[in-house]
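Student: okay, predicted coordinates and the sequence, questions at the end:
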Amino acid sequence: MRTRSPACTGSEGNRRRGIPGISRIAFVVSAFVVLSGCEQNAFVPPPPPKVEVELPTQRAITRYLEATGTTAPIKNVDLVARVQGFLQSINYKDGAEVKAGTTLFTIEPETYKLKLEQAQAAEAGAQASVKQTEADFKRQSDLVQRQVVSQATMDNSTSARDNAQANLQQAQVNTKIAQVNYGYTNVTAPFDGIVTSHLVSVGELVGVSSPTQLATIVSLDPLYVNFNVNERDVLWIRDEARRRGVTVNEIRQLPVEIGLQTEEGYPHKGKLDYVSPMVNQSTGTLAVRGVLPNADRVLLPGYFVRVRVPFEEQKAALLVPDAALGSDQAGRYVLVVNSDNIVEQRKVMSGPLEGNLRVIESGLKPDDRVVTAGLLRAIPGQKVDPQQQNSQTPPASAK
């Protein structure tokens, strides 16, 4: 039912009161205008929502193989007591950096020094016996040729000479053993490194039934970094290497970069040192190792570090702001505006992050207008008012 406004009912009352003709005509015209406004209400659609769009940034990038690894010492040796005795002295300060050959512990050397002297004396006696039997052998040889003595006497002289030579060899071996044991009384650093705190005290009996650990020495320069590469990345690297004609030995010479959890980027540089020849079936990963110089001792064994290995240079990669990407059950996507200013959802395959930009592997063209701001107003299938922005984002600083 149409409801008339008071202006509509007022016109009939005026006719009954006899308004003059000219006034009546003017009033009718005014009433018609009022009636037209009451009966028509045209809908005016709102303007399309404004969104910001950018063209993908196109520039050269370096592709990295990224992983999480741990640092480990190249040399790590337990210092043990290899001879039995009382610990006489500790000749270093806990945690000190020492050079190779530095004496760290002394284990009651007097007993072993006496044993060495005893062995040396026995060796000297054996040498005298050898000289005597050699002289007797030569004398008996001359007498046998002149047929003055019997062959049995010659045989006895030969046997005595051979026994004397064997005793000398035994004495020489005993001397070397005694010398080695005497050397074990001084436990020295096998290489340059840092020695941990001592595990025994002066006056304690060590090396009784088995070697007693005294301390540990660790080398900090250089260091290993161990990490694992998943099977998918291994297949990709092998395919890329085959395509580019890169040999396994060349892969092992690739640089490796690491960064601590509290550091920006990857400031520590080294190179790959080892690649396992087989994939671990239980984890589906390949063990890889790098070696890094550590002259300033910033790195310590056991750190968890971020690792990346530069593997490929891509001349013209497409990048978009990482905030412009969305995701659903089908994967990652971006919203683009076509030539008719209609929003489209474009499925893409995303790559690594370069600063605040994300590399797009596939699904996007260089001339696509990507929605970067106003994403909530950009509904696929609806028209928008795109506001072109400058997409020439400067490259992220090298890390």
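Tutor: Cool, got the structure.

Student: rest of the way, CA atoms for contacts and neighbours
Tutor: Will do.

Student: show the average pLDDT along stretch 154-173.
Tutor: In this model, stretch 154-173 has an average pLDDT of 87.

Student: contacts for it?
Tutor: Outside stretch 154-173, the residues that touch it by CA atoms under 8 Å, 6 or more residues apart in numbering are 119-120, 122-123, 126-127, 129-130, 133-134, 136-137, 140-141, 144.

Student: any buried residues in it, and which?
Tutor: Buried residues in stretch 154-173, counted by 16 or more other CA atoms under 10 Å: 154, 157-158, 160-161, 163-165, 167-168, 170-172.

Student: so where do the helices sit in the stretch 201-350 of the chain?
Tutor: 231-244, 248-251 (DSSP state H, counting those that start in this stretch).

Student: please identify the helix or strand for the residue nearest to residue 150 when sequence neighbours are not counted.
Tutor: Spatial nearest neighbour of residue 150, excluding adjacent residues (CA to CA, 6 or more residues apart in numbering): residue 144 at 6.6 Å. Under the criterion of DSSP states H and E, residue 144 resides in helix 109-145.

Student: next one: that helix to chain centre, how far?
Tutor: 63 Å (CA atoms, centre = their mean, to the nearest Å).

Student: hmm, residue 252 is touching residue 272, no?
Tutor: Yes. Between residue 252 and residue 272 a contact is recorded at 5.2 Å, counting by CA atoms under 8 Å.

Student: more neighbours: these two, which one.
Tutor: Legend: neighbour count by other CA atoms under 10 Å for residue 252 and residue 272, higher for residue 272 (22 against 16).

Student: can you tell me how far the more buried one sits from residue 307?
Tutor: 11 Å (CA to CA, to the nearest Å).

Student: which neighbours do these two share?
Tutor: residue 256.

Student: just the strands in the stretch 51-200 of the chain please.
Tutor: Here the stretch 51-200 of the chain has its strands, by DSSP state E, counting those that start in this stretch, at 57-73, 76-81, 85-90, 97-98, 103-107, 186-188, 193-195.

Student: looking at those, spot the one closest to residue 237.
Tutor: strand 57-73 (8.9 Å; CA to CA).

Student: is it true that residue 356 touches residue 324?
Tutor: No. Counting by CA under 8 Å, residue 356 stays clear of residue 324, with 10.6 Å between them.

Student: neighbour count: the two, which is higher?
Tutor: residue 324 (19 against 13).

Student: do I have it right that the more buried one meets residue 336?
Tutor: No. Look at residue 324 against residue 336 with CA under 8 Å: they stay out of range, at 10.0 Å.

Student: any common contacting residues for those two?
Tutor: 370, 371.

Student: okay, which residue is most central for the protein?
Tutor: residue 307 (3.0 Å; CA atoms, centre = their mean).

Student: I figured the residue nearest to residue 150 hits residue 138, correct?
Tutor: No. Counting by CA under 8 Å, residue 144 does not reach residue 138; the two are 10.0 Å apart.

Student: strand 85-90 and the helix holding residue 144, what's the angle between them?
Tutor: 120 degrees (axes from the mean of the first three to the mean of the last three CA atoms, to 10 degrees).

Student: what residues sit buried inside helix 109-145?
Tutor: Buried, per 16+ other CA under 10 Å, within helix 109-145: 109, 112-113, 115-116, 119-120, 122-123, 126-127, 129-130, 133-134, 136-137, 140-141, 143.

Student: what does stretch 309-329 give?
Tutor: Buried residues in stretch 309-329 (16+ other CA under 10 Å): 309, 311, 317, 318, 319, 320, 321, 322, 324, 325.

Student: now pLDDT and distance to residue 292 too, for these, in JSON lines please.
Tutor: Compiled in JSON lines, those are given as follows (pLDDT from 0 to 100; distance: CA to CA, whole Å):
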{"residue": "309", "pLDDT": "88", "distance to residue 292": "13"}
{"residue": "311", "pLDDT": "79", "distance to residue 292": "18"}
{"residue": "317", "pLDDT": "87", "distance to residue 292": "30"}
{"residue": "318", "pLDDT": "90", "distance to residue 292": "33"}
{"residue": "319", "pLDDT": "91", "distance to residue 292": "32"}
{"residue": "320", "pLDDT": "92", "distance to residue 292": "34"}
{"residue": "321", "pLDDT": "91", "distance to residue 292": "34"}
{"residue": "322", "pLDDT": "90", "distance to residue 292": "32"}
{"residue": "324", "pLDDT": "90", "distance to residue 292": "38"}
{"residue": "325", "pLDDT": "90", "distance to residue 292": "37"}
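
Student: now, among the residues you listed, which is nearest to residue 90?
Tutor: Closest to residue 90, out of all of these and judged by CA to CA, is residue 309, at 44.3 Å.

Student: identify the bridge partners of the closest one.
Tutor: residue 65 (DSSP bridges).

Student: does it touch residue 259 like I think?
Tutor: No. Residue 309 lies out of contact with residue 259 (CA under 8 Å); the separation is 11.9 Å.
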